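**Q** using only what follows, build the 3D model:
(one chain, ligands or ions: 1)
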Amino acid sequence: MLENSEREELNEEVRGRFGVLPSFFQTAKEAPGLTAQLWSFAKGAYLDLPLPSLFKERLFVYLSRFCEVRYCVVRHCGFLIGHGRPAGDKNAPLTSVEDALKLLKRPYPDAQALKQSINLLENLKEPLRSMPEADTELESALFNCASEIFLSPHSSEGFRYTLRKALGGKNFEYLMGYLAFIQTAHFWTLTHPELEYEEDVEALMRNHESLRKRLLEDPEAQRCEVGSKLHDELTLLRREKVEYDKLKETQRELIKTINARDEFLSIASHELRTPLSTLLMQNELLRLELQDGLDVEGIRSYLDKNEDLLLRMSNQLDQMLDIAKASSGCIELEKSKVFLGKVAKNAVDRLEMDIKKHTGTPAKLVVEKEVVGLWDESRIDQVITNLLTNAIKYGEGKPIEVKVTCEGQEALCVVKDQGRGIPSEKMMLIFDKFERAIDKNEVSGLGLGLYIANRIVIAHEGRIEVESELGKGSTFIIRLPMERCEEVS
Ligand code: ADP
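**A** Prediction:
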C-alpha cells in the first residue's frame with residue numbers, strides 16, 4: 001500500500017513531469033500500488049521512450065481520436081498545445097490550436113492512401129535515422145501504418161513488416177511498445193468512466209469552441225470499437241464462407257452420386273431386362289417347338305442357352321450386391337493358401353469358349369513362376385475373371401494373354417489385350433464407381449467391375465495398375481503381397 005506521503009510524492013513526480021496532474025493517475029484509489037506501476041509503464045513506454053516528444057504526442061492525439069472515451073484525446077491535445085508538456089518534455093515545441101485542429105481533422109486513410117503510404121515507406125533506401133517532422137508526408141505515412149496496427153493488430157502483418165523496414169528494428173520495437181501503452185491508456189479510460197477532464201483542458205475547450213466540438217464530437221471516435229466489431233464480423237463471415245464452401249462441395253458430391261445412381265439404375269434395369277426378354281422369348285420358342293415334337297438334343301440346346309443367360313444375370317446381381325459391400329469398405333475375405341497360377345488357369349479355362357468365340361483362339365497363359373499367398377481364392381478369381389471379361393469385351397477380337405509371375409515381394413497377374421485401349425484422361429477414372437471410358441451404346445456395362453476388382457485387391461493390401469495405348473490395347477496388372485514364389489517345373 002502506498003502511504004499518503006508516498007502518494008503525494010508520486011503526484012508530485014507526475015505533476016513535475018507533465019506540468020499538470022492528470023486525473024488518469026488519480027484513479028484506482030483502492031489499489032494505489034497499481035498507480036505507481038502505471039506510472040512506471042508511462043515513463044518507460046511513453047515519456048522516456050527514446051523517440052521525439054512532438055512525434056510521440058502527436059501520435060497519442062491522433063490514435064486517441066479513435067477511442068470512444070474522449071479523456072485521452074482531450075488530455076493529450078492539451079499537452080500538445082501547451083497545457084502541460086508534450087510527452088512530459090519541457091523542451092518540446094508546442095503546437096498552435098490551428099495545427100492541432102488540422103491533426104484532429106486528418107481524414108482516416110482509405111485503401112489508396114494506405115497504398116501510397118506503404119509505397120513511400122517501402123521505397124526508402126535505408127531505415128529513417130530520425131523521426132519525420134510534424135505534418136509531413138512521411139509522418140502521415142508512419143501514422144497511417146501505425147493506426148492500422150493499432151486498430152487491427154490481428155491483420156497487420158504487412159504494415160508491421162513495412163514499419164520495421166522503414167524504422168529499423170529498434171525504433172520499430174519502441175513504436176510497438178508505445179502503441180501498447182496507448183492501448184492500455186484507452187482501456188483504462190474505458191474501464192474508469194469516472195475520469196474527469198482536468199480544469200486546464202476544460203478551460204481550453206471553453207475558449208476554443210471549434211476545438212471543443214472536434215474533440216468531443218469526432219466522427220472517428222467509434223472507429224476502435226467499430227474496427228474490432230468489424231474484425232469479429234469478418235472473422236465470422238470468413239468462417240461461414242468456409243462452411244458454405246464445404247456444404248457446396250458436399251452438395252455437388254451428393255448430386256453427382258444421385259445422378260450416378262439414377263444412371264446406374266437405368267443401366268442396371270436395361271442390363272437385366274435384355275437377358276430376361278431373351279429368356280422369355282426362348283421359353284416361348286421352346287413351348288412352340290415342343291408342340292412340334294422337339295427332341296432331347298433340341299431341349300438341351302435351349303437349356304444351355306438359358307443357363308448362359310441366367311448366369312449372366314446372376315453375375316450382374318452379384319456385382320450389384322458387391323457394390324454395396326465395397327462402398328462401405330467391408331469386403332470380407334476368407335483367406336487361405338492360394339496358388340495364383342492355378343487360379344488364373346481356372347479362370348482362363350472357364351472362359352475358354354467365350355474367348356475362342358471372340359478371338360478365334362484360346363488365351364495364352366504363361367505361369368512364369370508359381371506364386372503362393374494368403375488370399376481369398378474366390379475373390380481373386382473374381383478379379384481375374386473380371387479383367388478377362390473386359391479383355392474379351394474391349395479386345396476387338398484380338399488375342400489375349402495372361403501371365404503369372406513375381407517381382408520382389410509381390411505376386412503379379414497380368415492380363416493383356418490388343419484392343420481399343422483407354423484414353424489417357426480416363427485411365428485413373430475407370431476404377432471409380434460407374435465410370436466408363438466408352439459410350440453406353442457401343443458396349444454395354446455397368447461401370448462397376450473394375451471398381452469392385454480394385455476394392456478387392458486393396459482389401460488384400462495390393463493394387464491394380466493399368467497401361468494402355470489408344471487403338472493398341474491395354475494391360476492390367478494385379479499386384480498382391482505374396483508368401484513365396486516357386487519355380488515352375
Ligand atoms: P464395364 O465394363 O461394365 O463398363 P468396368 O468397371 O469393368 O465396367 O470398366 C470400366 C471401363 O473401363 C469400361 O467401361 C471401359 O471403358 C474401360 N475398360 C475396362 N477394361 C478395358 C479394356 N481391357 N480395354 C479398354 N477399355 C477397358
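**Q** list the buried residues in the host helix or strand of residue 182.
**A** Using DSSP states H and E, the element containing residue 182 is helix 157-191. For helix 157-191, a neighbour-count test (16 or more other C-beta atoms under 10 Å) marks 159-160, 162-164, 166-167, 171-172, 174-176, 178-179, 181-182, 185-186, 188-190 as buried. The C-beta positions use only the backbone N, C-alpha and C, and glycine is treated the same way.
**Q** pLDDT of it, averaged?
**A** Looking at helix 157-191 alone, the average pLDDT works out to 95.
**Q** what residues of the helix or strand following it count as buried?
**A** Downstream of helix 157-191, the next assigned helix or strand under DSSP H and E is helix 199-207. Using 16+ other C-beta under 10 Å as the test for burial, helix 199-207 gives 200, 201, 204, 205.
**Q** around the ligand, which positions in the protein sit nearby?
**A** Counting by C-beta under 6 Å from any ligand atom, the residues of the chain lying close to the ligand are 390-391, 394, 417, 419-422, 430, 436-438, 445-451, 474.
**Q** same thing but 5 Å
**A** Residues of the chain lying close to the ligand by C-beta under 5 Å from any ligand atom are 390, 394, 422, 430, 436-438, 445-447, 449-450, 474.
**Q** where does the closest residue to the ligand within the stretch 301-450 of the chain land in three-state SS?
**A** Distances between the stretch 301-450 of the chain and the ligand by C-beta to the nearest ligand atom are smallest at residue 445, namely 2.4 Å. What DSSP: H, G, I helix; E, B strand; the rest coil gives for residue 445 is coil.
**Q** which element is residue 128 on?
**A** Following DSSP H and E, one finds residue 128 outside all helices and strands.
**Q** quick one: pLDDT of the residue lying closest to residue 322 once chain neighbours are set aside?
**A** What sits nearest to residue 322 in space, not counting adjacent residues and going by C-beta to C-beta, 6 or more residues apart in numbering, is residue 452, at 4.8 Å. Looking at residue 452, its pLDDT reads 88.
**Q** my guess is residue 452 contacts residue 318. True?
**A** No - with contacts defined as C-beta atoms under 8 Å, residue 452 does not count as touching residue 318, sitting 9.2 Å away.
**Q** can you list the domains in the chain?
**A** 1-224, 233-328, 336-481 (the TED database).
**Q** lowest average pLDDT across those?
**A** Among the domains of the chain, domain 233-328 scores lowest, with a mean of 81.
**Q** re earlier: which among the residues of the chain next to the ligand gets closest to residue 86?
**A** residue 430 (77.5 Å; C-beta to C-beta).
**Q** where does residue 374 sit: helix, strand or coil?
**A** Classification of residue 374 using three-state DSSP returns strand.
**Q** show me what contacts it?
**A** Counting by C-beta atoms under 8 Å, 6 or more residues apart in numbering, residue 374 touches 335, 336, 337, 338, 483.
**Q** tell me the two of the buried residues of helix 199-207 that are most distant?
**A** Maximum pairwise distance in the buried residues of helix 199-207, criterion C-beta to C-beta, is 10.1 Å, between 200 and 205.
**Q** all helices of the stretch 301-450 of the chain, in order?
**A** 340-350, 352-359, 377-394, 449-459 (DSSP state H, counting those that start in this stretch).
**Q** save the ones you listed as JSON lines, and put in distance to residue 331 and mean neighbour count too.
**A** Below are the helices of the stretch 301-450 of the chain laid out as JSON lines (distance: least, C-beta to C-beta, whole Å; neighbours: other C-beta atoms under 10 Å):
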{"stretch": "helix 340-350", "distance to residue 331": "17", "mean neighbour count": "19"}
{"stretch": "helix 352-359", "distance to residue 331": "26", "mean neighbour count": "15"}
{"stretch": "helix 377-394", "distance to residue 331": "7", "mean neighbour count": "21"}
{"stretch": "helix 449-459", "distance to residue 331": "5", "mean neighbour count": "21"}
